[in-house]
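*Asks:* sharing a model prediction with you, sequence too.
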Amino acid sequence: MKNYERYLEKTTEEYDKKTIMSYFCRIPSDRIIIPFISKIKGKHILDVGLGTGCYTGILIEDNEVTGVDQNPHLCKLPIKVYKGDATELAKLVKGEKFDIVFSTWMTEYLDEEQLSVFFAESKKVLKDDGTFITTVISKYGLGFVYITMAKLLRGINKYYYHPGEIIKKLKAAGFSDVKIIKLNSWLRVPWAYMVVAE
């Protein structure tokens, strides 16, 4: 997860500071993500790359949540957070099984190989009837602009994927039922999508 280590020296407040992309893309996406996760009740959830716990704070109201992040100092919520990354989930949780593996705005840090490993690791730590939920930056619309500008302006390598690529990788990891939910930006311009797989 190259480039994610830049948050090592960040405080929670610095991490949560809103950018123009937050207003154009993330906040409109929350109109779909937050109602969706607010319906999740009574589940054992592994939140991968939770950062400061923006969505975790909603999930812990009615669920048992464990986190994984390379920068666990960012999360001040009263939950266990393993220090590690998305490619080593089974090793970190040591046999623990989850109803849901949840991860938002993290796959953009994973290259193709890391993404495949993340999907396989998620499958390993899920219960047999478990659900995998993540977000992915789109190759289209503002997704393309977001990834390109991260590289040009900030020198940060980020990745976007076509839904077909994601479905193929998830099926290779052992998931059979995959749903894609569009996450549009301001003015309904495409930029990302949510993936729900079982």
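*Replies:* Nice, I can see it.
*Asks:* partner strands of the longest strand anywhere in the chain, parallel or antiparallel?
*Replies:* Scanning the chain for the strand with the most residues, using DSSP state E, yields strand 126-137. Each strand paired with strand 126-137, and its direction, by DSSP bridges: strand 98-103 (parallel), strand 190-197 (antiparallel).
*Asks:* give me the mean pLDDT for it.
*Replies:* Strand 126-137 comes out with an average pLDDT of 98.
*Asks:* now T107, nearest residue through space, not along the chain?
*Replies:* V136 (5.1 Å; C-beta to C-beta, 6 or more residues apart in numbering). Backbone N, C-alpha and C define where each C-beta goes, glycine included.
*Asks:* swap in K127?
*Replies:* The nearest residue in space to K127 (C-beta to C-beta, 6+ apart) is K97, at 4.8 Å.
*Asks:* backbone dihedrals for the one you found, please?
*Replies:* phi -120, psi 150 (degrees, to the nearest 10).
*Asks:* pretty sure it is touching D129, no?
*Replies:* No - the pair K97 / D129 is not scored as a contact, 10.6 Å apart, by C-beta atoms under 8 Å.
*Asks:* between those two, which one's more packed in?
*Replies:* Under the neighbour definition other C-beta atoms under 10 Å, K97 and D129 were set side by side, and K97 has more, 13 against 7.
*Asks:* please give me every residue in contact with that one.
*Replies:* Listed by C-beta atoms under 8 Å, 6 or more residues apart in numbering, the contact set of K97 reads 44, 125-127, 130.
*Asks:* what's the answer for S103, then?
*Replies:* Here S103 is in contact with 47-49, 86, 118, 133-135 (C-beta under 8 Å, 6+ apart).
*Asks:* now the closest residue to it other than its chain neighbours: how far from K158?
*Replies:* Leaving aside its sequence neighbours, S103 sits nearest to V48 (C-beta to C-beta, 6+ apart; 4.0 Å). Distance of V48 to K158, computed by C-beta to C-beta, to the nearest Å: 17 Å.
*Asks:* who's more crowded, the two?
*Replies:* Using other C-beta under 10 Å as the criterion, V48 and K158 rank with V48 on top: 27 against 19.
*Asks:* show me the contacts for the more buried one.
*Replies:* 67-69, 86, 89, 101-103, 106, 118, 122.
*Asks:* just list whatever residues bridge to it.
*Replies:* Applying DSSP bridges, one finds that V48 bridges with V68.
*Asks:* quick check: it vs L187, distance?
*Replies:* 30 Å.
*Asks:* go on, G53?
*Replies:* 29 Å.
*Asks:* those two: which is more packed in?
*Replies:* G53 (22 against 8).
*Asks:* ok so that one is a helix residue?
*Replies:* No - G53 is assigned coil when assessed by DSSP: H, G, I helix; E, B strand; the rest coil, not a helix.
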